[in-house]
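K.L.:
Could you look at this predicted model? Sequence included:
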Amino acid sequence: MTTTIKSVADLPDWFKEKKYTKPSNAVEWYREIRKRQYGMDAIHYMMSNPNITHHHASEMCAILHAPIGDGWPFFWMNQYNYPVEDMSKMELMYLAACFDDDESKKAHAGYVELIKQYRIEMTEPRSMVFSRKYTEMLTSFLDKYSEENSMDELLYPTLDDTSISHLYLSYGRALKGYPLIIDTQYDDQTILGYVQLWLTERRKENGEKAAKRPFTQNDFDDWAYFKIREVADLDTWARANDVKILDKVMAAAIWPSAGDGVSPIDMLRTTSRKKVKEIFQIDICARLYGQLVLEIGENFLGE
């Protein structure tokens, strides 16, 4: 049976005793965001699993409110890639594995054999006349895998499963990545213009909202002002423990000294909860993690 909390005095002791000090820099904010995103996702999974009780979820929630050391593994994310980077051998192998239909697999195998024979042809001393074997192989390949067989179809990674996050199995890593062909013979203006066009179209197809800039201190100040950590902690605790906290109680507890012209309950309902939903996401963690890698270095966590 759901319990309703109707008074600030009835809120959990950990909240009344906790001091929400303002993070002093981007690294501290990353830890605050990642810790809660990880915990909220875990509790959401537990609550959606019929074999897991509220007791287990509340235990998980208690862990989130305990001091968490800097070395906890979930602070690390597989996000060491750069915004623009040459393709690695591992990524090339990943792309080769993206052929997921039998026809494409056969075509890939035939192409590998064709390349092998071509290299043999080029190493043997002869004029620029290919052997009959290679000519027949090439003719057969072109006849079998022409445009009608979709060999000119654009290739996007097809193993992009959100459950695949291992370094050697995920081409997209924490952020989605795509293989591109850039002809460097064009001028910079043309290349950059077409990259921007490609990016716009790709985000549109994926339904992604483009981030216009990196995170700044203004973002961090905004998060602190709207108390997203406090709101997330209380809402998560309530869900894990089958408790309902009245909005007026939560607003009074989080903003006990709201100034004139400020309505804590309106702020909670219209802005803070919206930001909690937006910020405590894996994509935000990945973006902030990647930004810190670029700005500070791979060891910004101090490990």
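P.N.:
All right, it came through fine.
K.L.:
State the number of residues packed around residue 218.
P.N.:
Neighbour count for residue 218, taken as other CB atoms under 10 Å: 8. For every residue, glycine as well, the C-beta is placed using N, CA and C.
K.L.:
make that residue 196, sorry
P.N.:
So residue 196, with other CB under 10 Å, has 10 neighbours.
K.L.:
so what pLDDT did it get?
P.N.:
Per-residue pLDDT puts residue 196 at 91.
K.L.:
would it count as being in a strand?
P.N.:
No. Secondary structure of residue 196 (DSSP: H, G, I helix; E, B strand; the rest coil): helix, not part of a strand.
K.L.:
where do the strands sit along the protein?
P.N.:
In the chain, the strands defined using DSSP state E lie at 3-5, 243-245.
K.L.:
now, of the ones you listed, which is deepest in the fold?
P.N.:
Comparing those by mean neighbour count (mean count of other CB atoms under 10 Å), strand 243-245 comes out on top with a mean of 18.
K.L.:
and it, which strands flank it?
P.N.:
Here strand 243-245 has these sheet partners by DSSP bridges: strand 3-5 (parallel).
K.L.:
List the contacts of the strand it pairs with.
P.N.:
Strand 3-5 is contacted by residues 11, 238, 241, 242, 243, 244, 245, 246, 249 when judged by CB atoms under 8 Å, 6 or more residues apart in numbering.
K.L.:
could you measure the closest residue in space to the fifth one that isn't next to it in sequence against residue 261, distance?
P.N.:
What it means is residue 243. Leaving aside its chain neighbours, residue 243 sits nearest to residue 3 (5.0 Å; criterion: CB to CB, 6 or more residues apart in numbering). Residue 3 is 34 Å from residue 261, where distance means CB to CB, to the nearest Å.
K.L.:
Ok, residue 76 next?
P.N.:
Taking CB to CB, one finds residue 76 at 43 Å from residue 261.
K.L.:
between those two, which one's more packed in?
P.N.:
Using other CB under 10 Å as the criterion, residue 76 and residue 261 rank with residue 76 on top: 13 against 5.
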